[in-house]
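Asks: the following comprises the amino acid sequence and a computationally predicted model.
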Amino acid sequence: MPYKSLTMFFAAEPGMRTAVDAAVSFARLHDAHLDVCCLGVDNTQAAGFYAGAPAMIYQEALDQARAEAEALEAKARDQLRNADIRWSTDSAVVTLGGVASFVGLKARFSDLVLMPRPYGNQRGINDEAMIESALFDGQAAVLVLPEGMDRIDSFDRIVLAWNQSNEALRAARRSLPLLKAADHVSIAIIDPPTHGPERSDPGGLLTQMLSRHGVRAEVSVLARTMPSVSDTLMRHMDDQQADLLVMGAYGHSRLREAILGGATRDMLEKLKTPVFMAH
């Protein structure tokens, strides 16, 4: 399915300008509509308030969150005013506990969510929560942009991380428009199981499926010689001179799919190129 409906979420200004510029170029490339949603997040906690204080403090916090959301939306509209794409903006006030339901609802009706990397300078809990909510609650594909990236022309060399999981397969399917347009796709398999269903031909069925869509892919079986899976993948990205990583997104718990798992978090913390994820 082509990407015709793109969504971004912001709860603070740092990183917004470059990320929106990158999203505009991506929307232009795919003839897509871009919706920028600006959130004011009320992080007020009721615990420890003296009697009679909560109502007053809550109202003050809500007013501040609303002002922040409206100011962010005004900046987004000003930036998009002369963009040669179809676009829209909106703003909303949510509690930290309400981020999941709000972002999840918006994300589930989007073909792709684009977000700046949630870790680094001036990043906080809201940035990670919005990506988690889009992935786990909205079941949306998310393209995470590295810091400072302000333009997307194409992804010519892509690494697709494959481990036979449902998440990795969903990421492969959701990224098909990008895989088809790439010059080269490397299907990276780290230490394939010796007794799995693909033991005689690791990645063979996936390669066959992708080739029928016109994807030019080859399998790279990698030994885990680095301390972590993410380190091995990043070294392969360097070897391939890849400009995009496609991978499944995993949570810490199958029962509570709300917190990014260790491997997913490692990739987002360390990688300097965009990451396409789906859960």
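Replies: Arrived safely. None of the values given here were measured: they were computed from a predicted structure.
Asks: for residue 72, which three-state class applies?
Replies: helix (DSSP: H, G, I helix; E, B strand; the rest coil).
Asks: find me the pLDDT at it, would you?
Replies: The predicted local confidence for residue 72 comes out at a pLDDT of 97.
Asks: was I right to think it contacts residue 15?
Replies: No: in terms of C-beta atoms under 8 Å, residue 72 does not count as a neighbour of residue 15; the distance is 11.9 Å. (Each C-beta comes from the backbone N, C-alpha and C, glycine too.)
Asks: quick one: the strands in the stretch 1-150 of the chain?
Replies: 5-10, 33-42, 86-95, 112-116, 142-145 (DSSP state E, counting those that start in this stretch).
Asks: is it possible to get CSV of the ones you listed that adds mean neighbour count, distance to residue 167 and mean pLDDT?
Replies: Putting these into CSV (neighbours: other C-beta atoms under 10 Å; distance: least, C-beta to C-beta, whole Å; pLDDT from 0 to 100) gives the following:
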stretch, mean neighbour count, distance to residue 167, mean pLDDT
strand 5-10, 23, 20, 98
strand 33-42, 23, 25, 96
strand 86-95, 17, 27, 96
strand 112-116, 26, 16, 97
strand 142-145, 24, 12, 97
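Asks: so which of those strands gets nearest residue 173?
Replies: With C-beta to C-beta, the closest approach to residue 173 among those belongs to strand 112-116: 12.8 Å.
Asks: which other residues reach the closest one?
Replies: 3, 5-9, 15-16, 18-19, 22-23, 26, 107, 127, 130-131, 134, 138, 140-145, 147, 174 (C-beta atoms under 8 Å, 6 or more residues apart in numbering).
Asks: hang on, the earlier thing: any chance of the strands of the stretch 1-150 of the chain in a markdown table, with distance to residue 59 too?
Replies: Supplementary listing: the strands of the stretch 1-150 of the chain in a markdown table, determined by distance: least, C-beta to C-beta, whole Å:
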| stretch | distance to residue 59 |
| --- | --- |
| strand 5-10 | 24 |
| strand 33-42 | 10 |
| strand 86-95 | 12 |
| strand 112-116 | 30 |
| strand 142-145 | 34 |
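Asks: please state the offset of the lowest-mean-pLDDT helix or strand in the chain from the chain centre?
Replies: The weakest-scoring helix or strand in the chain, judged by mean pLDDT, DSSP states H and E, is helix 262-270 (a mean of 80). The chain centroid and the centroid of helix 262-270 are separated by 12 Å under C-alpha atoms, centre = their mean, to the nearest Å.
Asks: I'd guessed residue 172 sits against residue 276; true?
Replies: No: the pair residue 172 and residue 276 fails to qualify as a contact (C-beta under 8 Å) at a distance of 9.7 Å.
Asks: intersection of neighbour lists for these two?
Replies: Overlap between the neighbourhoods of residue 172 and residue 276 consists of residue 246, taking contacts as C-beta under 8 Å, 6+ apart.
Asks: can you list the weak-confidence ranges in the stretch 151-279 of the chain?
Replies: Within the stretch 151-279 of the chain, the segments meeting pLDDT under 70 span 195-196, 198-200, 252-261.
Asks: and the strands in it?
Replies: Taking DSSP E, counting those that start in this stretch as the test, the strands found in the stretch 151-279 of the chain are 157-161, 184-190, 217-222, 244-248, 275-278.
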